[in-house]
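In: I need the structure of the sequence given here:
(one chain, ligands or ions: 1)
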Amino acid sequence: MKRIIVTGCLGQIGSELVYRLRQEKGLDNVLATDIRKPEGHPVVEEGLFEVLDVLDEEKMLALATEFEADTMIHLASLLSSVAEDKPQIAWHINMSGLMNALEVSRKLNLQFFTPSSIGAFGPETPKINTPQDTLQRPKTMYGITKVAGELLCDYYHTKFGVDTRGVRFPGLISYDTLPGGGTTDYAVEIYYEALKNGSYVCPIGKGTVMDMMYMPDAINAIVDLMEAPEEQLIHRNAFNISAMSFDPEEIKESIQKVMPDFTMTYDVNPKLQGIADSWPDTLDCHVAKDEWQFSPIYDLDKMTVDMLEKLSIKLAKEN
Ligand code: SER
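Out: Next up, the predicted model:
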């Protein structure tokens, strides 16, 4: 991982991953891309940046060739809630975008990373300690694209020898860039609302447990997996990873330890609730621990303290 092209860089993961890679690998060794180019955005201004629609394979190939990339990190995709609203577009972006990124990686012999998700599981999957290798019959378009993506990445490895790697991310919580259109977004919004209003109306019902992770652990996971020696990996794509699992009451209580006056009520969104109910409660992550020593640092309370501190600095700057 020396010269890295990243797609979807203005998203929740991309904005923080690009910052870390630029720091570690050098500004000239990271080419950030996204379909938009917002003036003044640090991802656009502080290093190499090109506009790229991942549906444009020709441009993707040209950019990666000219940059002399050795690694592709493909992040551009639609998340679960928005994909349910636009299933045909979601299929197109998530699958054709992935196929293009894999084709460019095959042609240029790039090491490759793309995330899968807890969304790749469905209601028939064992919910507690969900195994690495298990039944996957998701009922959402997002989940269908994620399972197909996992299989496609495995295929590109076995058929063409592309060094494909990936994880199944749980809900990711961060203060830098908001997630867009996911089912686990409530666990980010709750911190914003706690600081802005002291209260939150939760769209996910009490008792709905989902896996989650704080962004610094997610970024470490990407870098650690990409740098793991190939001979250590039995699996390659779609490693289960998670740092914590909680329901809305538990995150509320964690916030109340820092902000005792914080309150929460419920107004359950049936679409989001249906998606959440079809996902696991807790993933079994031992395969990632065994094969590349995955070890997250943040639990719920540690994350809450850091999140509230960093987010209040950010919100103060914006005001
Ligand atoms: N955070 C994602 C979503 O909710 C799950 O991968 O869509």
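
In: how near is the residue of the chain positioned farthest from its centre to Leu315?
Out: With C-alpha atoms, centre = their mean as the measure, the chain has its most outlying C-alpha, relative to the mean C-alpha position, at Asp261: 31.4 Å. Counting by C-beta to C-beta, to the nearest Å, the separation of Asp261 from Leu315 is 17 Å. Every C-beta, even on glycine, is put in place using the N, C-alpha and C of the backbone.

In: check Asn94 too.
Out: Noted for Asn94: a distance of 32 Å to Leu315, by C-beta to C-beta.

In: between these two, who's got more neighbours?
Out: Taking other C-beta atoms under 10 Å, Asn94 and Leu315 do not tie; Asn94 has more neighbours (24 against 14).

In: for that one, give me its contacts.
Out: With contact set as C-beta atoms under 8 Å, 6 or more residues apart in numbering, Asn94 has these partners: 77-78, 83, 142, 145-146, 149.

In: and the chain, which residues reach the ligand?
Out: Taking C-beta under 6 Å from any ligand atom as the criterion, the neighbours of the ligand within the chain are 79-80, 117-119, 142, 169, 171, 182-184.

In: any quick ChimeraX command for the buried ones out of the residues you listed?
Out: Provided next is the ChimeraX selection string for whichever of the residues of the chain next to the ligand are buried by 16 or more other C-beta atoms under 10 Å:
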select :79,80,117,118,119,142,169,171,182,183,184
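
In: inside strands: which ones of the residues of the chain next to the ligand?
Out: When DSSP state E is applied, those are split such that 117, 169, 171 fall in strands.

In: is the last one in contact with Val209, as I believe?
Out: No - when contacts are counted by C-beta atoms under 8 Å, Gly171 is not listed as touching Val209 (11.1 Å).

In: anything in contact with each of those two?
Out: Taking C-beta under 8 Å, 6+ apart as the contact definition, Gly171 and Val209 share no neighbouring residue.

In: next, the buried residues of stretch 283-302.
Out: Using 16+ other C-beta under 10 Å, the residues of stretch 283-302 that count as buried are 283-285, 287-288, 291-292, 294, 296, 298, 300.

In: distance between the ends of it?
Out: Taking C-alpha to C-alpha, to the nearest Å as the measure, stretch 283-302 stretches 20 Å from start to finish.

In: which other residues reach it?
Out: With C-beta under 8 Å, 6+ apart as the test, stretch 283-302 has contacts from 118, 129-132, 167-168, 170, 211-214, 216-217, 220-221, 224-225, 228, 232-235, 239-246, 250-251, 254, 257, 306.

In: which residues of this protein fall in strands?
Out: With strands called from DSSP E, the chain shows them at 4-7, 30-34, 48-51, 71-74, 111-113, 116-117, 164-165, 167-169, 171-173, 199-202, 210-214, 239-240, 244-246, 263-266.

In: residue contacts, the residue of the stretch 51-200 of the chain found nearest the ligand?
Out: Residue nearest to the ligand within the stretch 51-200 of the chain (C-beta to the nearest ligand atom): Gly182, separated by 2.7 Å. For Gly182, the contacting residues are 79-81, 171, taking C-beta under 8 Å, 6+ apart as the criterion.

In: ok, so of these, who is nearest Val162?
Out: Lowest distance from Val162 to the contacts of Gly182 (C-beta to C-beta) belongs to Leu79, with 25.2 Å.

In: wait, the closest one sits on Gly143?
Out: No - with the criterion set as C-beta under 8 Å, Leu79 and Gly143 do not qualify as a contacting pair; they are 11.2 Å apart.

In: chain neighbours aside, what residue packs nearest to Ser96?
Out: Of all residues beyond its chain neighbours, the one nearest Ser96 is Leu55 (5.7 Å), with distances taken as C-beta to C-beta, 6 or more residues apart in numbering.

In: isn't the one you found up against Met95?
Out: No - under the criterion of C-beta under 8 Å, Leu55 makes no contact with Met95, lying 10.4 Å away.
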